[in-house]
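Asks: Give me a 3D structure for the following:
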Amino acid sequence: MGKRVCISNSSLNCYGTRILTEGVNIEQYKRNPVVLYMHTRGEVIGVMKDIKVEEDSITGEPWFDEITELSKHCKLQWEAGTLKMVSGRFDILSISEESKYLLPGQTRPSVIKSKLMEVNVVDIGGNDDAIVLTKGEKTIELAAGEDNETLPLLKNNQKEIEEMNYKAIALKL
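Replies: This next block holds a predicted model:
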């Protein structure tokens, strides 16, 4: 098979939240393990094989179908090591602000129950476009320091955020 890749783990991501591996349901995804390109619906480039939970990580091996030019191109870049990251799309089922689920530096609640919907080959993981979350049919786009009603900033971080905003304003002057 190909290169095994980490799809998700419970570490803190650049959005200030984390998705707990123990709460991720992967059963539906295993029945239709599509791999998309850059979170674009309709850009199916293959499937994820040998999906499993290993310790605190969800891993798998991307397989490119080579049917489209995009899939052929992605496979070549994957094999060359030019592309080497993936990003999951999760449906959020439950979040928590309980301290037992929070890590130092965390600015948003932890996603304690979710469903893996798709996996994407991406050029840069962990940026504003690399992690796409949903709540039902609603896509949740996160940006560092910006609030979101489905996955809001933690209340105890508001002072920190205000200070960051003042610094950003000062830098723009």
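Asks: So in terms of bridging, what pairs with Ser57?
Replies: On the basis of DSSP bridges, Ser57 is bridged to Asn9, Glu54.
Asks: quick one: pLDDT of it?
Replies: Per-residue confidence (pLDDT) for Ser57: 87.
Asks: My read is that it contacts Thr21, right?
Replies: Yes - counting by CB atoms under 8 Å, Thr21 is a contact partner of Ser57 at 6.5 Å. From N, CA and C alone the C-beta is placed, and that goes for glycine too.
Asks: Return the helix or strand in the chain with minimum mean pLDDT.
Replies: Within the chain, no helix or strand scores below strand 132-135, which has a mean of 45 by mean pLDDT, DSSP states H and E.
Asks: returning to what we had before: please identify every residue contacting each of Ser57 and Thr21.
Replies: Common neighbours of Ser57 and Thr21 are listed as Ser8, Asn9 (criterion: CB atoms under 8 Å, 6 or more residues apart in numbering).
Asks: Which one's more surrounded, these two?
Replies: Higher neighbour count among Ser57 and Thr21: Thr21, with 19 against 16, using other CB atoms under 10 Å.
Asks: List the contacts of the more buried one.
Replies: Residues in contact with Thr21, defined by CB under 8 Å, 6+ apart, are Ser8, Asn9, Ser10, Val53, Asp56, Ser57, Ile58.
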